[in-house]
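Novice: Provided below are the primary sequence and the corresponding predicted coordinates.
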Amino acid sequence: MSQFINRFGPNVPLHIVFNNDTLRWIKHVQRNRFKEGFISTDFRHVDFATVARGFGTRGYTVRTVDELTTALYKEQFPQGPAVIDVVTDQWETLVLRFASRGG
């Protein structure tokens, strides 16, 4: 996380992490190919907002659209880097939903 924040620093003041505690694409492939039994795709939860605050930056954990809207509103005029940790479901993906509709 420190490299993540320091690498971009003031050049990229807002970092949005989509956090589903998995290697989602690999897990999707394993589910589609093997149906059950996942190998090395699940992680313990990391609260990236708390980690960011530990490095002296602002951090937000969001689970709803309203929380995301609030965090983005607060970061309209950022003063240094901030992290928004968007907690998502491991099986939800707009890309696959879009692809399944032929888009």
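Specialist: Structure received. All values derive from a computational prediction rather than experimental measurement.
Novice: Point to the residue nearest the middle of this protein.
Specialist: For the chain, the residue whose C-alpha lies nearest the mean C-alpha position (Cα atoms, centre = their mean) is F18; its distance is 1.5 Å.
Novice: beta partners for it?
Specialist: With DSSP bridges applied, F18 shows beta-bridge pairing to V86.
Novice: Would you agree it is in contact with Q90?
Specialist: No: the pair F18 / Q90 is not scored as a contact, 10.9 Å apart, by Cβ atoms under 8 Å. For every residue, glycine as well, the C-beta is placed using N, CA and C.
Novice: What count of nearby residues applies to I16?
Specialist: If you count neighbours by other Cβ atoms under 10 Å, I16 ends up with 17.
Novice: whoops, H28 was the one
Specialist: H28 sits with 17 neighbouring residues when counted by other Cβ under 10 Å.
Novice: Correct me if wrong, but it is in a strand.
Specialist: No: with DSSP: H, G, I helix; E, B strand; the rest coil as the criterion, H28 is helix rather than part of a strand.
Novice: what about the strands in this protein?
Specialist: Assigned by DSSP state E, the strands in the chain fall at 14-19, 58-62, 82-87.
Novice: So which elements touch the first one?
Specialist: Using 3 or more Cβ pairs under 8 Å, 6 or more residues apart in numbering; DSSP states H and E as the contact criterion, the elements in contact with strand 14-19 are helix 2-8, helix 48-54, strand 82-87.
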